[in-house]
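> Dropping a prediction and its sequence here:
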Amino acid sequence: MPTLTIDGQEIEVEANTTVLQAAEELGIQIPRFCYHDRLSIAGNCRMCLVEMEGPPKPIASCAMPVGEGMVIHTNSKVAVKARKGAMEFLLINHPLDCPICDQGGECDLQDQAVAFGRGGSRFTEHKRAVKDKYLGPLVATAMTRCITCTRCVRFATEIAGVEELGATFRGEETEIGTYVEEALTSELSGNLVDVCPVGALTNQAYAFNARPWELRKTESIDVHDAVGCNIRVDCRGNEVLRVLPRLHEDVNEEWLGDRSRYAVDGLGLQRLDRPYVRVDGKLQPASWDQAFAAIKAVMDGTDGARLAAIAGDMADVESMLALKELFTALGSANLDCRQDGAKINGGKRGGYLFNSAIAGIEEADAILLVGTNPRWEATLVNARIRKRWLRDGLSVALIGPESELTYKYDYLGAGPNTLAEIADGSHGFAKVLADAERPMIVLGSGAVARDDGAAVLDLARRVAEQTGMIGADWNGFNILHRAASRVGGMDIGFLPHNDGRDVAGIVAGAGKGEIDLVWLLGADEIDMDGLGQAFVVYQGHHGDAGAHRADVILPGAAYTEKDATWVNMEGRVQQGRRAADPPGEAREDWTIIRALSAVLDQALPYDSLAQLRRHMVEVVPSLDAVDDVGPGEMGAFGVAGEVDAAPFESPVADYYLANAICRASAVMAECSRMYLHGADSTGGATGTDG
């Protein structure tokens, strides 16, 4: 390991470390624009110039590997002069847009111009202007501000996996843009705004809305999928204006999917802000007492076997536990959190977790994807697979519908017959998995959310066992969930018990008149028409499918409006924090259930969130380990049996309209219209506009 001296401090670092990285280990700040920790090194902004004893010229510290005996000066006269000169060049053509630029107040160029610039310019030539580029409905451009750092180009190519951005022309005429003017086709395009160090790429939906110092910032958790991305919610007053990613190396690194970032306008649209009761076939505004009285009138005297509850994809652990305990007290065993009908039971925890952990993907050397499109179902999981694939030839294979993923894969087949061949060792990929040191199988809901899902699960477990995926220090069996509520719901046992009905049984029973009341806790993705004449209580935050079918609506809080717990697909317990207040008379979900329990003479034994969480930990001790991945005990799961030869189908028809918040969002509707339903990707509309 080489030893070098930086500003009089000696440090020993690993070989191939750059001078800039070595300086950071010592806490020495070197300015930069083009350098980014997670992108390849470009070395083209020259802002990180430092003096090295020996060479006659300053060196670019971001691109210079350390060497034994190097002596570096980051703040000498030579280095200071070089930095000021680089900044002066960068500002030659940069417009004075700071008063109107959305990057103002959180702009690297502003900060470094003040800290490291000259404070004036010797150039008097006319500034050049660059035509703005069209990148789609999410990212706004002001390309005259571009300093050609190429961060956006490298992100699109390396992280997002869409080689659609690049540089044209040369020298002062260089421009960044798409070679053919059309929208970017990546579900990670919003991250271009984060990596841009100036105001050339900005959040189009947030444009001209606020300055950063006006915003109240709250750290929370995203619930648009089961990854559990760490986010920051920025509010002004009670309005959520934007959502940004937070750094979490083991979950989302520093990236965020477009759905999670841009659907925030849906939080303020089509909201349920007061209770409603259906009178003479029409929903009428009501008080909480009237809504509870209507529910009590149906529940009183109704046998528990004729009551049922379904938890939706965004439900938090606290509300699901409260609802489970209320219905259990009423004698109902008809509970289910598997809204998509997945045939995964809650026995052994390892049978429903992403056991390798999201960060563990980077250790895998062979991956078998079964019935899943991770690009749409878990965008940040897909980005991890691409990251591992780029590093050194990861072997990826897919069984299911062919998808346009961001890495090369071997297409093995469309249905479970191929999986059966791998399980019995007759397929060639079985040897690939067996020869790998750390193989993985990733089973999606397209494989287990079908009638033979339990048999498919059994096949996948056999593949894992017979190819050496499960060992003392590695577990390659993984379920890729799409619902943020799923693992938490299964942990607390929000599942049918004592011969209770699952989702399909509840819907069928309601249609036949065998279920009198169905409680939907934010559940909008089931067959509402199949509920027949059952009395439906919808507890949620948006006027979506469940609210339209409901006989009583109880307005709840969205994920940004409550302190709540979710467990992500790998079993990591995470807590979201309240960033805004629920609108109108809406309340946090667990408080609604607690209040109703008193009306029904089944008062739950907790009156505060703290009491509920203490009780929650007593019920499931693993929920006490916040930000920790609990153990995934393996065992027998799945049911051996015949599988249907029908091909697996993708469970996600539209990435941009996957839940009630997205369906209320005008931004997501525009994305869906453009990318999936025939709109012209150059910004206009075609004759087949959907």
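Great, that's in hand.

> In the stretch 301-450 of the chain, mark out all the helices, start to finish.
For the stretch 301-450 of the chain, the helices defined by DSSP state H, counting those that start in this stretch occupy 317-329, 374-377, 379-392, 416-423, 428-435, 445-448.

> Show me what stretch 67-79 is in contact with.
Residues outside stretch 67-79 that contact it (CB atoms under 8 Å, 6 or more residues apart in numbering): 2-7, 19, 23, 28, 30, 49-54, 58, 61. From N, CA and C alone the C-beta is placed, and that goes for glycine too.

> still on that earlier bit, could you dump the helices of the stretch 301-450 of the chain into CSV with mean neighbour count and mean pLDDT added?
Below are the helices of the stretch 301-450 of the chain laid out as CSV (neighbours: other CB atoms under 10 Å; pLDDT from 0 to 100):
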stretch, mean neighbour count, mean pLDDT
helix 317-329, 24, 97
helix 374-377, 24, 95
helix 379-392, 21, 95
helix 416-423, 22, 94
helix 428-435, 16, 94
helix 445-448, 28, 94
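
> tell me which element residue 593 falls in.
helix 589-599 (DSSP states H and E).

> Which strands or helices does the helix or strand where residue 242 lies pack on?
Using DSSP H and E, residue 242 sits within strand 239-245. For strand 239-245, the packing partners by 3 or more CB pairs under 8 Å, 6 or more residues apart in numbering; DSSP states H and E come out as helix 191-195, strand 230-236, helix 258-262.

> For residue 169, find the nearest of the ones you listed.
helix 191-195 (20.6 Å; CB to CB).

> Quick one: mean pLDDT for that closest one?
For helix 191-195, mean pLDDT is 96.

> Quick check: mean pLDDT of the following helix or strand past it?
Next in sequence after helix 191-195, counting helices and strands by DSSP H and E, comes strand 201-203. For strand 201-203, mean pLDDT rounds to 96.

> just stretch 622-634 next, same as before
89.

> picking up where we left off before, I'd like the helices and strands packed on strand 239-245 as CSV, with distance to residue 95 appended.
CSV is the format used below for the helices and strands packed on strand 239-245 (distance: least, CB to CB, whole Å):
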stretch, distance to residue 95
helix 191-195, 19
strand 230-236, 26
helix 258-262, 27
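
> Most tightly packed of the ones you listed?
Among the helices and strands packed on strand 239-245, helix 258-262 has the highest mean neighbour count (mean count of other CB atoms under 10 Å), at a mean of 26.

> Who are the packing partners of that one?
strand 239-245, helix 666-675.

> That one: how far from the chain's middle?
Remark: helix 258-262 is offset 8 Å from the chain centroid, using CA atoms, centre = their mean, to the nearest Å.

> Sheet partners, orientation included, of the helix or strand just after that helix?
Scanning forward in sequence from helix 258-262 by DSSP H and E, the next helix or strand is strand 276-279. Paired strands of strand 276-279, with direction, are strand 282-285 (antiparallel), strand 552-555 (antiparallel) (DSSP bridges).

> Just the buried residues of strand 276-279, please?
276, 277, 278 (16 or more other CB atoms under 10 Å).

> which one among those gets closest to residue 364?
Relative to residue 364, the closest of those is residue 276; by CB to CB it sits at 49.3 Å.

> Quick check: the closest one vs residue 322, distance?
22 Å (CB to CB, to the nearest Å).

> Who is the nearest residue to residue 54 once chain neighbours are set aside paired with across the strands?
In this structure, residue 54 finds its nearest non-sequential neighbour in residue 71, 7.9 Å apart by CB to CB, 6 or more residues apart in numbering. For residue 71, the beta-bridge partners under DSSP bridges are residue 5.
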